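Undergrad: Provided below for reference: sequence and predicted model.
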Amino acid sequence: MAANPGPPDLEIVTEAGRAQALLDPLRLRLLGLAQRPISAADMAARLRMPRQRVNYHVRRLADRGFLRRAGRQRKRNMVEQLYVAVARRFLLAPELLEPVAADWREVADTASGSYLLALASRVQADVLRASRAAEAEGRRLTTLSLKSQFRFETVERRADFARAIREAVVEAIARHTVPDEAAGSPARGRAAAGLPYRLVLSCYPLESEPGG
């Protein structure tokens with residue numbers, strides 16, 4: 001028998017009604033507890049809260065598709081319903097804020113945090129749209145992600161790094177790709193199926209995470 005693969009790593013919340021149902025501090029804590037099957041009674045005990053209150057929010061999460069039934073358990077003379085989160089983590093889609101969503105094109109200072117945050121929002125929207133298209137075609141979306149963490153000894157070394165990165169990226173793009181305008185040329189293989197690719201490279205100071 002094949003092993004249970006467990007919930008998916010990430011679920012994107014794209015509907016305003018679901019987002020509203022999710023954005024409650026208690027419900028977020030309940031989802032955190034429900035990474036493994038658990039009953040509303042056990043959640044209430046862990047949070048030291050009235051069972052009726054917890055059970056209400058559990059039902060709302062289940063109604064909105066954030067929790068699913070995961071069997072039952074017998075405790076003393078009672079049979080309790082178990083619930084489990086439908087995903088390990090959740091992400092709110094940028095489209096929820098349309099028509100006032102962040103737009104990198106409207107931020108004049110390209111070296112500011114606001115510009116980078118708006119650009120990151122655009123990346124989320126792009127990847128979500130591409131994921132939907134891939135799923136509709138029955139294929140897997142393939143992406144490239146790089147992550148690193150480091151320090152600079154001086155401001156001059158930081159400037160040298162920025163210049164070296166720009167030169168390396170420009171050289172790699174020139175060597176391995178064709179201009180976006182040439183996307184209609186004959187393609188070879190799925191990776192070159194005429195779709196343009198977008199590269200976003202960012203570098204920013206890293207503050208300590210809360211509780212870190």
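TA: That came through, no problem.

Undergrad: quick one: least confident helix or strand in the protein?
TA: Of all the helices and strands that make up the chain, the one with the lowest confidence by mean pLDDT, DSSP states H and E is strand 67-75; it has a mean of 91.

Undergrad: List the neighbouring strands of that one plus their orientation.
TA: strand 78-85 (antiparallel) (DSSP bridges).

Undergrad: Report the distance from the partner strand to the chain centre.
TA: From the chain centre to the centre of strand 78-85 is a distance of 27 Å (Cα atoms, centre = their mean, to the nearest Å).

Undergrad: again with stretch 101-111
TA: In terms of Cα atoms, centre = their mean, the centre of stretch 101-111 is set 21 Å apart from its chain centre.

Undergrad: hey, what's the residue nearest the centre of the chain bridged with?
TA: In the chain, the residue lying closest to the centroid (Cα atoms, centre = their mean) is L91, at 4.5 Å. As for beta bridges, L91 partners with I12 under DSSP bridges.

Undergrad: For it, give me its contacts.
TA: In this structure, L91 makes contact with 10-13, 124, judged by Cβ atoms under 8 Å, 6 or more residues apart in numbering. Quick note: C-beta positions are derived from backbone N, CA and C, even for glycine.

Undergrad: Could you export the residues you listed as TSV, including distance to M78 and pLDDT?
TA: As requested, the contacts of L91 are exported to TSV (distance: Cβ to Cβ, whole Å; pLDDT from 0 to 100):
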residue	distance to M78	pLDDT
L10	35	91
E11	31	93
I12	36	93
V13	33	95
Q124	44	93
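
Undergrad: any weak-confidence spans in the protein?
TA: Judged against pLDDT under 70, the low-scoring parts of the chain cover residues 1-7, 181-194, 210-212.
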